[in-house]
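# Predicted model and sequence follow; I will ask about them next.
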Amino acid sequence: MMNFVEELRWRGMLHDVMPETEEYLLKNKTTGYIGFDPTADSLHIGSLVPIILLMHFQQAGHNPIALVGGATGMVGDPSGKSEERNLLDEETLAKNVAGVKGQLARFLNFDSTSENAAQLVNNYDWMKEISLIEFVRDVGKHITVNYMMAKDSVKKRLDSESQTGMSFTEFTYQLFQGYDFYHLYKEKDCKLQMGGSDQWGNITTGTELIRRKAQGKAYALTCKLITKADGSKFGKTAGGNVWLDANRTSPYKYYQYWLNCSDEDAENYIKIFTFLDKQTIETLIAEHKKTPHLRILQKKIGEEVTVMTHGNEAYENAIKASNILFGNSTADDLKTLDEQTFLDVFEGVPQAEIERSAIEKSLGIVAAFADYGFLKSNGEVRRALSENSISVNKEKVTEDFVITKNDLIADKFVLLQRGKKSYFLLKVV
RNA sequence: GGUGAGAUACUCAAGUGGCCAACGAGGGCAGACUGUAAAUCUGCUGCGCAAGCUUCGAAGGUUCGAAUCCUUCUCUCACCA
């Protein structure tokens, strides 16, 4: 049995752990779980840490359970939220649960012939059977309101500073999550719940319930929430969340997200998001410090995480795309590409279709950028032009530029660009 | 149910009859610099090439003129019961 807790500790992931947990895990092959919230039909990289936690758990020889919160998603966790949540309807939730399940399967070994195969459960399956009366008698009776009120997540919302108050629904949430733990404890001998540090309160409600209702002993462990040195929220870009689903965030963008993280963050991320051993990581950090402009750490993180999430081929394409987009490639380089390569490189770049006749009639630069949905208005295009930030096929252009069929790449595409990182593709049909 | 406060652009927030397309801050975008970074500096951030047009919770009204005054409505929050 490998030392799971120690592994997390040196990686800087460990936040809090209940006394005796480490000793117990060293002596016993243990079943542990983490809950995932189905707030969308894809997970985003914020969920990557809990996933990796489960992967480490599995690699250490224990049995991981991934719980998808079909039922708890209907209630809404108040932890870390200053405002009441919007509730999802049943249909959306079912769709989200299915999406999330599919993604988890890529990271964990669910092969049931394996010694310690991962399992997937949905708490809706047992929650839907429980009547209100049962719940109030069998669960509610064991936990006092005083205990529930003492939780940070609740206190913050009852605080006079808070502007919003808290509904009974969200107040009850911890009982739901606590009951999940109790249920898994009874049914699957699950003795450990893990999660982000914001989950501590909810998790301990579970261990408390197990103690009072089953006179059992269960353990808890939380990991640090990922922060960014500049204080911005991890996993968010201007375009929104960074998703694990290739259709929502292309592998190229995904790779770019990791590549663009700061030096300071990279030193932490390489420990958290990759499975490289301590020795390798220390060498990489040392090298990076010598030649920071090479961005050794960022590239390694990008590689490891992109391969883990999207596979090798997607990673190769992301690299190829990155070189073309950020290397010194010129219009001529672009024109030498055949259609397939071009499409691979620009996979995920937003595109719009355009009539061939529109190009042949000659297309003004303002219309090209505004009429097909790249920029919002003619005015914005003009502003951008005056900033000298508009390029066609990687060459800066001015307001009087006109796109003709000579500008077509592979006789089919025109590459529009605003600034350095924002691309758009016109596709002739 | 009672009382009070409030609703302004992506967010926070100023503005209480003309000087308001609306102070300021944050965010975002771009340019320079750079490592596709950080920090910094600069510009932009309702639509329109422009004349001008449409915006300040909604609908009406008063006025030469309304984000600002009046009426009704919708919603939010707090306190009390």
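Arrived safely. No experiment lies behind these values; they were computed from the predicted model shown. Numbers count the residues shown, from 1 in each chain, chains lettered A, B, ... in the order given.

# only C-alpha atoms for contact and neighbour calcs from this point on.
Fine.

# Sketch out the low-pLDDT regions of the stretch 201-350 of chain A for me.
A:230-233, A:236-240, A:328-331, A:348 (pLDDT under 70).

# rerun that using 80 as the cut-off
The model of the stretch 201-350 of chain A has pLDDT under 80 over residues A:227-241, A:248, A:326-349.

# what's the answer for the stretch 51-200 of chain A, then?
By pLDDT under 80, the weakly predicted segments of the stretch 51-200 of chain A are A:73-90, A:153, A:155-167, A:169.

# And the helices in it?
A:90-107, A:124-127, A:132-134, A:145-149, A:152-158, A:168-188, A:200-214 (DSSP state H, counting those that start in this stretch).

# got a markdown table for these, with distance to residue A:264 too?
Supplementary listing: those in a markdown table, determined by distance: least, C-alpha to C-alpha, whole Å:
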| stretch | distance to residue A:264 |
| --- | --- |
| helix A:90-107 | 27 |
| helix A:124-127 | 41 |
| helix A:132-134 | 50 |
| helix A:145-149 | 38 |
| helix A:152-158 | 30 |
| helix A:168-188 | 35 |
| helix A:200-214 | 27 |
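
# quick one, which of the ones you listed is nearest to residue A:315?
helix A:90-107 (15.6 Å; C-alpha to C-alpha).

# Next, the residues that contact that closest one from outside, please.
Identification of contacts with helix A:90-107 by C-alpha atoms under 8 Å, 6 or more residues apart in numbering yields A:38-43, A:51, A:55, A:66, A:68-70, A:73-74, A:120, A:244-245, A:308-309.

# quick revisit: make JSON lines from the helices of the stretch 51-200 of chain A and add distance to RNA strand B and mean neighbour count to it.
JSON lines is the format used below for the helices of the stretch 51-200 of chain A (distance: least, C-alpha to the nearest atom of the strand, whole Å; neighbours: other C-alpha atoms under 10 Å):
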{"stretch": "helix A:90-107", "distance to RNA strand B": "22", "mean neighbour count": "17"}
{"stretch": "helix A:124-127", "distance to RNA strand B": "28", "mean neighbour count": "15"}
{"stretch": "helix A:132-134", "distance to RNA strand B": "25", "mean neighbour count": "10"}
{"stretch": "helix A:145-149", "distance to RNA strand B": "16", "mean neighbour count": "13"}
{"stretch": "helix A:152-158", "distance to RNA strand B": "8", "mean neighbour count": "19"}
{"stretch": "helix A:168-188", "distance to RNA strand B": "13", "mean neighbour count": "20"}
{"stretch": "helix A:200-214", "distance to RNA strand B": "22", "mean neighbour count": "21"}
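
# what about these, which gets the closest to residue A:402?
Nearest of the helices of the stretch 51-200 of chain A to residue A:402, taken as C-alpha to C-alpha: helix A:90-107 at 44.6 Å.

# thinking again about what came up before, what about burial for the contacts of helix A:90-107, which qualify?
Among the contacts of helix A:90-107, those buried by neighbour count (16 or more other C-alpha atoms under 10 Å) are A:38-43, A:51, A:55, A:66, A:68-70, A:73-74, A:120, A:244-245, A:309.

# and the gap between the closest residue to residue A:252 other than its chain neighbours and RNA strand B?
Nearest residue to residue A:252, sequence neighbours excluded (C-alpha to C-alpha, 6 or more residues apart in numbering): residue A:318, at 4.3 Å. Distance, residue A:318 to RNA strand B, by C-alpha to the nearest atom of the strand, to the nearest Å: 9 Å.

# mind listing what residue A:318 touches?
Contacts of residue A:318 by C-alpha under 8 Å, 6+ apart are A:251-253, A:255, A:345.

# swap in residue A:6?
Taking C-alpha under 8 Å, 6+ apart, one finds nothing in contact with residue A:6.

# Give me the next element, helix or strand, following the host helix or strand of it.
Counting by DSSP states H and E, the element that carries residue A:6 is helix A:4-10. With elements assigned by DSSP H and E, the helix or strand that comes after helix A:4-10 is strand A:14-17.

# Can you list the buried residues in that next one?
For strand A:14-17, a neighbour-count test (16+ other C-alpha under 10 Å) marks A:14-15, A:17 as buried.

# Kindly report the same for stretch A:373-391.
Buried, per 16+ other C-alpha under 10 Å, within stretch A:373-391: A:374-375, A:378, A:381-382, A:384-385, A:389-391.

# do stretch A:289-309 as well
The neighbour-count check on stretch A:289-309 (16+ other C-alpha under 10 Å) flags A:295-307, A:309 as buried.

# Contacts for that stretch next, please.
For stretch A:289-309, contacts defined as C-alpha under 8 Å, 6+ apart pick out A:106-107, A:244, A:251, A:254-261, A:263, A:266-267, A:269-270, A:273-274, A:284-285, A:287-288, A:312, A:314-315.

# among those residues, which ones are buried?
A:244, A:251, A:254-259, A:261, A:263, A:266-267, A:269-270, A:273-274, A:284-285, A:288, A:314-315.

# Keep only those of these that are in helices.
When DSSP state H defines the helices, the subset of those inside them is A:251, A:254-259, A:263, A:266-267, A:269-270, A:273, A:284-285, A:288, A:314-315.

# near RNA strand B, from the residues you listed?
Residues of those in contact with RNA strand B (C-alpha under 7 Å from any atom of the strand): A:256, A:259, A:263.

# Dump the helix holding residue A:6 to PDB, keeping only the CA atoms.
What follows is helix A:4-10, C-alpha atoms only, in PDB (Å, rounded to 0.1, in the frame of the first residue of the first chain):
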ATOM      1  CA  PHE A   4      -1.400   8.200  -0.400                       C
ATOM      2  CA  VAL A   5      -1.400  11.000   2.100                       C
ATOM      3  CA  GLU A   6       2.300  11.500   1.900                       C
ATOM      4  CA  GLU A   7       2.100  11.600  -1.900                       C
ATOM      5  CA  LEU A   8      -0.400  14.500  -1.700                       C
ATOM      6  CA  ARG A   9       1.600  16.200   1.000                       C
ATOM      7  CA  TRP A  10       4.800  16.600  -1.100                       C
END
